[in-house]
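# pasting the sequence and the predicted model now:
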Amino acid sequence: GAVVSQHPSWVICKSGTSVKIECRSLDFQATTMFWYRQFPKQSLMLMATSNEGSKATYEQGVEKDKFLINHASLTLSTLTVTSAHPEDSSFYICSARDSSGANVLTFGAGSRLTVL
Amino acid sequence: DAKTTQPTSMDCAEGRAANLPCNHSTISGNEYVYWYRQIHSQGPQYIIHGLKNNETNEMASLIITEDRKSSTLILPHATLRDTAVYYCIVRVLSSGGGADGLTFGKGTHLIIQP
């Protein structure tokens, strides 16, 4: 079946630095990928929709200049958390729609970011 | 997407069938019922989806009432590895030219007891 790979699975960084998270569709092409964020004991919140070859679409309240999304190819989307602060510490998860036409999303394993 | 209501948590004994209910009384005619689950500290996993007929796959069965206002996900022989948060989501099959991310509610935390 469809597989989505995320890297890194966990990262610790200092406040003020930037962190890049990669999301790859391994065996299918994804023109659209989705980025979610999940705080402890909360549900997933959609942050943005990543569109191959065009600008990402951000959900209300998500700062596009802080969470930079690049979808340069049909198998890779990246999320860069710029000037990270402790409140950005969270579990970031990407997903992509498979090619079955059944509107099923395949999710990556997630990336846990801790900002010190 | 139509709103869904699920119990906050449920317990089930290992080896027994786990039946997870979901209410979606405002579901539209073209909306499907999807189930995902999220094991702790992992990404969500697709389980099953259906429109109005009952569905079964290697993971679970989905029973949808005739009026489509509620559904039940059945894990026939629950194991400890089935402990997870289960999300019931209602949405259309295809978003046409665009693509929409899923909206997750709070789901049901299913705990399988040994």
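That came through, no problem.
# contacting residues around A:Ser15?
Neighbouring residues of A:Ser15 by C-beta atoms under 8 Å, 6 or more residues apart in numbering or on different chains: A:Ala84, A:His85, A:Pro86, A:Val115, A:Leu116. All C-beta atoms are positioned from the backbone trio N, CA, C, and that covers glycine.
# per-residue confidence for B:Ser95?
On pLDDT, B:Ser95 comes in at 54.
# most neighbours among the contacts of A:Ser15, which one?
Within the contacts of A:Ser15, most neighbours by other C-beta atoms under 10 Å in any protein chain shown means A:Ala84, with 22 neighbours.
# that one reaches A:Gly16, doesn't it?
Yes: using C-beta atoms under 8 Å, A:Ala84 is in contact with A:Gly16, at 7.1 Å.
# pick the one among the contacts of A:Ser15 closest to chain B.
Set against chain B, the nearest of the contacts of A:Ser15 by C-beta to the nearest C-beta is A:Val115 (17.9 Å).
# wait, doesn't that closest one sit right on A:Pro86?
Yes: using C-beta under 8 Å, A:Val115 is in contact with A:Pro86, at 4.9 Å.
# next, count neighbours for B:Thr79.
There are 12 residues near B:Thr79, going by other C-beta under 10 Å.
# in contact with it, which residues?
With the criterion set at C-beta under 8 Å, 6+ apart, B:Thr79 makes contact with B:Glu14, B:Gly15, B:Ile112.
# chain A versus B:Arg81, what's the distance?
Distance of B:Arg81 to chain A, given as C-beta to the nearest C-beta, to the nearest Å: 16 Å.
# so that residue sits in a helix?
Yes: assessed with DSSP: H, G, I helix; E, B strand; the rest coil, B:Arg81 lies in a helix.
# just the pLDDT for it.
96.
# tell me which residues of stretch B:58-65 come out buried.
By neighbour count with 16 or more other C-beta atoms under 10 Å in any protein chain shown, stretch B:58-65 contains the buried residues B:Ala60, B:Ser61, B:Leu62, B:Ile63, B:Ile64.
# that stretch and chain A in contact?
No: Stretch B:58-65 is not in contact with chain A by C-beta under 8 Å from any C-beta of the partner chain; minimum separation 11.3 Å.
# what residues does that stretch touch?
B:33, B:35, B:47-56, B:70-76.
# what subset of these is buried?
B:Val33, B:Trp35, B:Ile47, B:Ile48, B:His49, B:Gly50, B:Glu55, B:Ser70, B:Ser71, B:Leu73, B:Ile74, B:Leu75.
# what's the helix or strand containing the fifth one in contact with?
The reference is to B:His49. Taking DSSP states H and E as the criterion, B:His49 maps to strand B:45-50. Contacts to strand B:45-50, defined as C-beta under 8 Å, 6+ apart, come from residues A:102-107, B:32-39, B:55-57, B:59-62, B:64, B:71, B:73, B:86.
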